[in-house]
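# How does the following fold in three dimensions:
(one chain, ligands or ions: 2)
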Amino acid sequence: MQTTATIPTQLIDQFGRRVDYIRLSITDRCDFRCQYCMAEDMTFLPRDAVLSLEECARLVKLFVRMGVRKVRITGGEPLVRKNAMWLFEEIGHLPGLDECVLTTNGSQLDKYATALKTAGVKRINISIDSLQADRFKTITRVGELSKVLTGLDAARSAGFDNIKINTVLMRGINDDEAEALVNFAIEKQVDISFIEEMPLGAVEHDREQSCVSNTETLALLKSKFSLTPSTHRTGGPARYWQVNGQPTRIGFISPHSHNFCESCNRVRITCQGELFLCLGQDHQVNLLPLLRAHPDDDQPLVDAILHGMRIKPQGHDFDLRRAAPAVVRFMSHTGG
Ligand code: SAM
Ligand code: SF4
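Ligands and ions are numbered 1, 2, ... in the order given. Reported below is the predicted structural model:
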């Protein structure tokens, strides 16, 4: 039985921004090894260093009491976490939570799409960087494109109507596929977002060489498709264009070409229970020891989260020209 904590019903940071969106990474593990996300030889965390699913559920419930309206479950690959469905069932229909959404590489969706829909997951983002099987394998180092495409179709059959493809273009690897990927999104009646590669974690290639600017991708796509700027907003960094005559929207997440921090409404919780206040900065509050030291009292967690609001930075500081990554942790650790 939790003791009653004094809980504010809104989270407002030091710059007056309302934080109503959390991204929770439930594992650092993954069945893929995407070149831009992970090093080839990754060491993963021991199990007891990672939040239990019960701890994940406790955090989500507490954040929702503190005014959070949207939760994205991510990773690593969330669907490779054992019993991950338990968490979706626990939080998917939580009163006060408008949206429980998922980011996945799609490899397990064939198995879980229907159960995710039943559990209350509203939207799914699926990462697809290439439609060419051999290239897909090169980028993910191990992934099978056919499995992911079957997963995408399973999500469509399960009745998800807000599916979005996430694509990272890398120069000389898949930067010639933007048009084909948009045509694929139109064919499947889904949205697609292009994410600029961010300097998170040390990888084998030079990110300054590989990063493709969304300014360039947008210019190319404008020459191929009839596009209108869309007012669609998710409260996040993506800016959307509507493909005229089609339901498909094209999003651009552009940390390099456009700074999106002034309207930031989100914080991230790593699979180790660190509350990161900004994807591109190191400001954090460690919630795991508080979760474990106070299993029946939320007040220390509430106080720590409020402290987080006071130290949330104004913005990130990504600069690909630096020799070292802006942030040493990988996206798979922080949760994309
Ligand atoms: N495994 C799931 C997936 O791939 O969708 C969820 C986690 S993954 C870290 C979330 C998103 O982050 C993916 O769309 C991936 O392409 C993106 N991502 C990973 N590392 C990135 C980086 N360094 N820069 C930009 N996007 C990255
Ligand atoms: Fe795994 Fe997603 Fe990272 Fe690819 S982007 S290695 S699928 S966590």
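
# which residues in the stretch 1-150 of the chain form helices?
53-65, 84-91, 109-119, 133-140, 145-157 (DSSP state H, counting those that start in this stretch).

# In TSV: those, plus mean pLDDT and mean neighbour count.
Placement of C-beta: from N, CA and C, glycine included. Output for the helices of the stretch 1-150 of the chain, formatted as TSV (pLDDT from 0 to 100; neighbours: other Cβ atoms under 10 Å):
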stretch	mean pLDDT	mean neighbour count
helix 53-65	98	20
helix 84-91	98	20
helix 109-119	98	20
helix 133-140	97	17
helix 145-157	98	19
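
# Tell me which of the ones you listed lies nearest to residue 24.
helix 53-65 (6.1 Å; Cβ to Cβ).

# So what's the gap between the closest one and the chain middle?
18 Å (Cα atoms, centre = their mean, to the nearest Å).

# That helix to helix 84-91, inter-axis angle?
30 degrees (axes from the mean of the first three to the mean of the last three Cα atoms, to 10 degrees).

# Can you lay out the helices of the stretch 1-150 of the chain as JSON lines showing distance to ligand 2?
Shown next, in JSON lines, are the helices of the stretch 1-150 of the chain (distance: least, Cβ to the nearest ligand atom, whole Å):
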{"stretch": "helix 53-65", "distance to ligand 2": "17"}
{"stretch": "helix 84-91", "distance to ligand 2": "14"}
{"stretch": "helix 109-119", "distance to ligand 2": "12"}
{"stretch": "helix 133-140", "distance to ligand 2": "6"}
{"stretch": "helix 145-157", "distance to ligand 2": "9"}
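
# Tally up the residues packed near residue 95, please.
5 (other Cβ atoms under 10 Å).

# What of the one 3 residues further on?
Residues contacting residue 98 under the criterion other Cβ under 10 Å number 13.

# Grab the nearest non-local neighbour of it.
Spatial nearest neighbour of residue 98, chain neighbours left out: residue 69 (4.5 Å); criterion: Cβ to Cβ, 6 or more residues apart in numbering.

# Let me know whether the one you found touches residue 101 as I believe.
No - with contact defined as Cβ atoms under 8 Å, residue 69 does not reach residue 101; the gap is 11.4 Å.

# More neighbours: which of these two?
Neighbours per residue (other Cβ under 10 Å) separate residue 69 from residue 101, with residue 101 holding more: 19 against 16.

# list the contacts for the more buried one?
In this structure, residue 101 makes contact with 70-73, 121-125, judged by Cβ atoms under 8 Å, 6 or more residues apart in numbering.

# Now render those residues as TSV, adding distance to residue 213 and neighbour count.
Output for those, formatted as TSV (distance: Cβ to Cβ, whole Å; neighbours: other Cβ atoms under 10 Å):
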residue	distance to residue 213	neighbour count
70	28	21
71	31	25
72	25	22
73	30	27
121	32	22
122	31	17
123	27	19
124	27	24
125	21	22
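
# For the protein, which residues are neighbours of ligand 1?
Residues of the chain lying close to ligand 1 by Cβ under 6 Å from any ligand atom are 30, 36-37, 74-75, 77, 103-105, 127, 166, 168, 195, 197-198, 200, 331-332, 336.

# and if we set it to 8 Å?
Of all the residues in the chain, those in contact range of ligand 1 (Cβ under 8 Å from any ligand atom) are 25, 30, 32, 34, 36-38, 74-78, 103-106, 125-127, 129, 166-168, 195-201, 203, 207, 253, 330-332, 334-336.
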